[in-house]
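Novice: Kindly return the folded structure for what I paste below:
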Amino acid sequence: MSLSPELRSQILDQIKKCVLKHHINVGGIDFGEWGRRIADHAPELLTLDIDAFEDGVRKHLLELKSSHTGFYHEQPARLMPQHTVNATLHNAAWRGEERWMFLDVFEGGPAQKSGIVPGDILLAVDGKDYSPPNIPAFGIGVTHRLTVVPVSESEPCEIVVAVPHRKGSIATPPIVDPKSISHSMAGPGIGFLKVLYFPGFFGMRFSRALAKAMEDLKSQKMDRLIIDLRGNIGGSMGFAHLASYLCASQVAIGHSLTPQRLRTGYDIKSLIRVPIPGNRAQLIGTLGRFAFQDKSIMLLTQGLGFQPFHNRVVILMNEHTNSAAEMVANFAVESRLATTVGVKTPGNVLGASNFRLAGNYWLRIPVFGWYTPQGQSVEGTGVHPDIVVEVATEAFRMGIDNQMQKAIEIVAAL
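Specialist: The predicted structure is shown next:
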């Protein structure tokens, strides 16, 4: 692929315009100074090879100090493991060295299909050695050769993982979507709900799948519930449908804030209170209501009524619980609707949009802030669990999930 200086200059101009117009400036960045730094480095960026040009742009975007910020080609050369092979990594000891261990291996994803299971040790990707803190990246539409030490063996072997092709769009970046939801019974009366992704902007399809899962679990006499958000890559408004099952009435989950409202100031009490739409008719009504209004709102749960597991819920979370999943966890913590178990989340809670650029590139930037009903934000700080439980890596490699064991112990006693 070639990228002329003229095209690069056009891309840089488009990025600056998008940031100035749409970026939610929660970090108090001086956009004028930021734009001048890009202008100062533009002559150099115009002459670099493509990889260096992309890295240079990303470096400037990091200066915005916000989550949900990215710059990528429609078929990117590299993305994070959870967005490609559908797995997360955790540091673990292997033969006296610090290595990467597969932690969350998503059901039906490329890693699982290739035979990788939680606890396997990753040594190299395509012949290149990786160890913490260097995280391996994977290509979209690329077949990779991984050097892995399976949990059942003591010596490395080679595993081929094929990542399917995806393209970016206005709605989503070019990622391999994991299976959003699965469920089972974890014990007598204990339902287990694994949520890895909240697909769709308003989450209507997710809401239907969630309702079906809940009805199936309740038919099996569920009166306690474990919600596993470990490894969840985020998504969109589907998180509010999940939050709605934690309480009977319409309760404030938190509020969104547009860049304009952040600049001009606001009173929390003046925000319009809007329940998450539960069906197509409600969705159409909500869209019509806000067609020509500022989108800063206080989002409410649906008011689904009493559930047999209320006040007997445990939520599992870890360092890979991202974005919309963090909003659910924070809502549960602040409202005392569930006990959270695991480790602190990363603090990536801004709402983002994708913007098409020249040369088949995309810019992803946060376009609204997310705050608790009291006006607090966990952006950059994360959600702290009620009960901290670190992964016991040696036990994990033997198939023992100590975080899950703790969740079962707690929920059984509620």
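
Novice: Tell me the secondary structure at the residue nearest to residue 120 when sequence neighbours are not counted.
Specialist: For residue 120, ignoring the flanking residues on the chain, the nearest one in space by C-beta to C-beta, 6 or more residues apart in numbering is residue 102 at 4.7 Å. C-betas here are computed from N, CA, C, even on glycine. The local conformation at residue 102, judged by DSSP: H, G, I helix; E, B strand; the rest coil, is strand.

Novice: Show the pLDDT at residue 102.
Specialist: Looking at residue 102, its pLDDT stands at 98.

Novice: tell me the contacts of it?
Specialist: 87, 88, 89, 111, 116, 117, 118, 119, 120, 121, 122 (C-beta atoms under 8 Å, 6 or more residues apart in numbering).

Novice: same check, this time on residue 268
Specialist: Residue 268 neighbours (C-beta under 8 Å, 6+ apart): 255, 298, 373, 374, 375.

Novice: If we only consider these, which is nearest to residue 26?
Specialist: Comparing the contacts of residue 268 against residue 26 with C-beta to C-beta places residue 375 closest, at 12.5 Å.

Novice: Mind naming the longest strand for the chain?
Specialist: Across the chain, the longest stretch assigned as strand under DSSP state E is strand 361-371.

Novice: Alpha carbons only: can I get that one in PDB?
Specialist: What follows is strand 361-371, C-alpha atoms only, in PDB (Å, rounded to 0.1, in the frame of the first residue of the first chain):
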ATOM      1  CA  TYR A 361      -8.400   4.900   7.400                       C
ATOM      2  CA  TRP A 362     -10.600   5.300  10.400                       C
ATOM      3  CA  LEU A 363     -10.400   7.600  13.500                       C
ATOM      4  CA  ARG A 364     -12.000   6.400  16.700                       C
ATOM      5  CA  ILE A 365     -12.500   9.100  19.400                       C
ATOM      6  CA  PRO A 366     -14.700   9.500  22.500                       C
ATOM      7  CA  VAL A 367     -17.700  11.700  21.800                       C
ATOM      8  CA  PHE A 368     -19.500  11.700  25.100                       C
ATOM      9  CA  GLY A 369     -18.600  11.200  28.800                       C
ATOM     10  CA  TRP A 370     -20.100   8.800  31.200                       C
ATOM     11  CA  TYR A 371     -20.700   9.700  34.800                       C
END
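
Novice: Residue 100: neighbour count?
Specialist: Neighbours of residue 100 under the rule other C-beta atoms under 10 Å: 25.

Novice: Would you enumerate the residues in contact with it?
Specialist: If you count contacts by C-beta under 8 Å, 6+ apart, then residue 100 has 89, 90, 91, 92, 121, 122, 130, 131, 132, 135, 136 around it.

Novice: sorry, back to before: JSON lines for the contacts of residue 268, including secondary structure?
Specialist: Converted to JSON lines, the contacts of residue 268 look like this (three-state DSSP):
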{"residue": "255", "secondary structure": "strand"}
{"residue": "298", "secondary structure": "strand"}
{"residue": "373", "secondary structure": "coil"}
{"residue": "374", "secondary structure": "coil"}
{"residue": "375", "secondary structure": "coil"}
